[in-house]
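Q: could you look at this predicted model? Sequence included:
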Amino acid sequence: MSLEIVILAAGQGTRMRSALPKVLHPVAGNSMLGHVIHSARQLDPQRIHVVIGHGADAVRERLAADDLNFVLQDKQLGTGHAVAQAVPFITADTVLILYGDVPLIEVETLQRLLQQVGPEQLGLLTVELDDPTGYGRIVRDGNGKVTAIVEQKDADEATRAITEGNTGILAVPGKRLGDWTGRLSNNNAQGEYYLTDVIAMAVSDGLIVATEQPHDAMEVQGANDRKQLAELERHYQLRAGRRLMAQGVTLRDPARFDVRGDVTVGRDVLIDINVILEGRVVIEDDVVIGPNCVIKDSTLRKGVVIKANSHLDGAVMGEGSDAGPFARLRPGTVLEARAHVGNFVELKNAHLGQGAKAGHLTYLGDAVIGARTNIGAGTITCNYDGVNKHKTVMGEDVFIGSNNSLVAPVDISSGATTAAGSTITQDVAPAQLAVGRARQKNIDGWKRPEKISKG
């Protein structure tokens, strides 16, 4: 059966107190609506319709894609009115309705819900809550069959005592949806067209309302303010942590760990506290990541060690290499096997060969460094002339003395040595010693300046 998905994302979210549309507020580095779209795509629908209103231009600009049909709801007149705006575009057998501010919904939950739908049956996702305040209540008859959903503001005392709440997530036969939304009325306390009234219509039309529930009630939690947004963030992170631990990762403290992207892990990985993984991160077996590290769009091969307070962005660390503490590996950095980057070392677009070392207080940019080369403390590649970037190339087994300035473009051949304190402006041949510093002069009888009295 064909499937189309409607995502309701038109609300303003006044309680967020923000110029940013509510559905664009982030959870785990992605907008709430972005999470919902990601889940929707995994169901392989023929099309996804996103109903937008407040901040429509910003939502389009941020999330535009070929598989998304943005539908404008000029006036926010309720969920039923929002769905009605998408109805003219729908041709599928089944329609799934989701919400742009409910980012934690699991694909498996939606798959179970979709299995309930047929020509004479729709699927409704409900949730049991200790405190269902604010939720529409699921009203059932004496045989346990769903007969209606009653919104909180329209419910009497007996109905408010019901603990089964409506999540709003609904899967319906596509051919019925237009008829139902066309018959909606706004004769209620809010003066809005409720999508929930579709349930009573379906029952009246002789359809069965089948229900499913999420395994975790937080799957259907929305965010209307910053507090709820923070609750979603923390629950997402705890869920991500559990998944990683099930794959063989040791998290020193799952409550102090954040994933903001797509992470692939091997076995026997150890991650200390306050580590943030962003974007696309690949972590192979036996990797150790120290505390307070940020790792973005990077690959860590088997046995890598990253020490405390290091920041990686767009880097590849080869097998058995290590970095930190306080190392910064910027985009284009590649460390081959067993390469070492120490404390307060920054690399950008730099390639370190096997066993190469840069131990202390160093900047290497636009550089290719051969195997086993040693970079002394305080060395920098002067790669930028104010307009263009230039490359520094070092061969194998090069020894760079401390406090060197390597003025690119420059080529230091295999086996060469540069003296401490040198400014290297010319190529160095194999096995040469390059000394690029002024000759020391000692002056006898030197008298130090004396402090001038202000009296």
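A: Cool, got the structure. Quick caveat: nothing in here was measured; it's all calculated off a predicted structure.
Q: so residue 55 is in contact with residue 20, correct?
A: Yes: Residue 55 is within contact range of residue 20, at 7.2 Å (criterion: CB atoms under 8 Å). For the C-beta atoms, the positions are set from N, CA and C on the backbone; glycine is no exception.
Q: these two: who's more crowded?
A: Between residue 55 and residue 20, residue 55 has the larger neighbour count (other CB atoms under 10 Å), namely 22 against 14.
Q: which residue, other than its chain neighbours, is closest to that one?
A: residue 21 (3.1 Å; CB to CB, 6 or more residues apart in numbering).
Q: in this structure the one you found contacts residue 32, no?
A: No: contact criterion CB under 8 Å: residue 21 and residue 32 do not qualify, at 9.9 Å.
Q: per-residue confidence at the residue nearest to residue 55?
A: Residue 21 carries a pLDDT value of 95.
Q: what sits against it?
A: 9, 12, 13, 54, 55, 58, 59 (CB atoms under 8 Å, 6 or more residues apart in numbering).
Q: most neighbours, which of those?
A: residue 9 (31 neighbours).
Q: distance of that one relative to residue 68?
A: 11 Å (CB to CB, to the nearest Å).
Q: any common contacting residues for those two?
A: Joint contacts of residue 9 and residue 68 (CB under 8 Å, 6+ apart) are residue 50.
Q: which phi and psi does the residue nearest to residue 55 have?
A: Taking degrees, to the nearest 10, you get phi -50, psi 140 for the backbone angles of residue 21.
Q: I'd like the distance between it and residue 126.
A: 28 Å.
Q: mind listing what's buried along stretch 268-276?
A: Going by neighbour count (16 or more other CB atoms under 10 Å), the buried part of stretch 268-276 is 269, 271, 272, 273, 274, 275, 276.
Q: kindly report the same for stretch 340-354.
A: In stretch 340-354, counting by 16+ other CB under 10 Å, buried: 340-354.
Q: narrow those to those in strands?
A: 340-352 (DSSP state E).
Q: now those residues in a markdown table, with distance to residue 104 and pLDDT?
A: Formatted as a markdown table, these follow (distance: CB to CB, whole Å; pLDDT from 0 to 100):
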| residue | distance to residue 104 | pLDDT |
| --- | --- | --- |
| 340 | 41 | 98 |
| 341 | 37 | 98 |
| 342 | 41 | 98 |
| 343 | 39 | 97 |
| 344 | 39 | 98 |
| 345 | 39 | 98 |
| 346 | 37 | 98 |
| 347 | 37 | 98 |
| 348 | 37 | 98 |
| 349 | 38 | 98 |
| 350 | 40 | 98 |
| 351 | 41 | 98 |
| 352 | 41 | 98 |
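Q: buried residues of the helix or strand residue 364 falls within, list them for me.
A: According to DSSP states H and E, residue 364 maps onto strand 357-369. Using 16+ other CB under 10 Å as the test for burial, strand 357-369 gives 357, 358, 360, 361, 362, 363, 364, 365, 366, 367, 368, 369.
Q: enumerate every residue touching the third one.
A: In this structure, residue 360 makes contact with 342, 343, 344, 345, 377, 378, judged by CB under 8 Å, 6+ apart.
Q: what do you get for the second one?
A: Residues counted as contacts of residue 358 (CB under 8 Å, 6+ apart) are 340, 341, 342, 345, 347, 352, 364, 369, 375, 379.
Q: partners of the fifth one in the sheet?
A: In this entry, residue 347 is beta-bridged to residue 329, residue 364, by DSSP bridges.
Q: mind checking how far it is from residue 8?
A: From residue 347 to residue 8 the distance is 46 Å (CB to CB).
Q: what's the answer for the third one, then?
A: As for residue 342, its distance to residue 8 is 52 Å (criterion: CB to CB).
Q: repeat that for the second one.
A: Computed as CB to CB, the residue 341 to residue 8 distance reads 48 Å.
Q: then residue 26?
A: 19 Å.
Q: the two: who's more crowded?
A: More crowded of residue 26 and residue 8, by other CB under 10 Å: residue 8, with 27 against 15.
Q: just to revisit the earlier point, between the contacts of residue 358, which sits nearest residue 45?
A: Minimum distance to residue 45 across the contacts of residue 358 is 43.6 Å, recorded for residue 347 (CB to CB).
Q: who are the neighbours in contact with the closest one?
A: Contacts for residue 347 were tallied using CB under 8 Å, 6+ apart; they are 315, 328, 329, 330, 333, 341, 358, 363, 364, 365, 367.
Q: wait, the third one sits on residue 321?
A: No: here residue 329 lies out of contact with residue 321, judged by CB under 8 Å, at a distance of 10.3 Å.
Q: please say which of the two ends up with more neighbours.
A: residue 329 (28 against 25).
Q: quick check: the gap between that one and residue 44.
A: 38 Å.
Q: what do you get for residue 23?
A: 23 Å.
Q: out of these two, which sits in the more crowded spot?
A: Neighbours per residue (other CB under 10 Å) separate residue 23 from residue 44, with residue 23 holding more: 32 against 7.
Q: the stretch 351-455 of the chain: strands as residue ranges?
A: Per DSSP state E, counting those that start in this stretch, the stretch 351-455 of the chain carries strands over the ranges 357-369, 374-375, 380-382, 392-394, 399-400, 405-407, 410-412, 417-418, 423-424, 433-434.
Q: and the next element down the chain from the helix ranked longest in the chain?
A: Identified as the longest helix of the chain according to DSSP state H is helix 226-246. The helix or strand immediately downstream of helix 226-246 is strand 249-251, counting by DSSP H and E.
Q: buried residues, that following strand. List them.
A: In strand 249-251, counting by 16+ other CB under 10 Å, buried: 249, 251.
Q: swap in stretch 47-66?
A: Going by neighbour count (16+ other CB under 10 Å), the buried part of stretch 47-66 is 47, 48, 49, 50, 51, 52, 53, 54, 55, 56, 59, 63.
Q: which one of the residues you listed sits closest to residue 195?
A: residue 51 (11.2 Å).
Q: I'd guessed that closest one sits against residue 74; true?
A: No: using CB under 8 Å, residue 51 is not in contact with residue 74, being 11.0 Å away.
Q: list the residues that contact both of those two?
A: Here residue 51 and residue 74 have no joint contacts, going by CB under 8 Å, 6+ apart.
Q: where along the chain do the helices fall?
A: 32-41, 56-63, 79-86, 107-114, 157-160, 174-182, 197-204, 226-246.
Q: nearest to residue 298, of those helices?
A: Closest to residue 298 of the helices of the chain, according to CB to CB: helix 226-246, at 16.1 Å.
Q: in a markdown table: the strands of the stretch 351-455 of the chain, plus distance to residue 453 and mean pLDDT.
A: Below are the strands of the stretch 351-455 of the chain laid out as a markdown table (distance: least, CB to CB, whole Å; pLDDT from 0 to 100):
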| stretch | distance to residue 453 | mean pLDDT |
| --- | --- | --- |
| strand 357-369 | 40 | 98 |
| strand 374-375 | 48 | 98 |
| strand 380-382 | 42 | 98 |
| strand 392-394 | 51 | 98 |
| strand 399-400 | 47 | 98 |
| strand 405-407 | 41 | 98 |
| strand 410-412 | 50 | 98 |
| strand 417-418 | 47 | 98 |
| strand 423-424 | 40 | 98 |
| strand 433-434 | 48 | 98 |
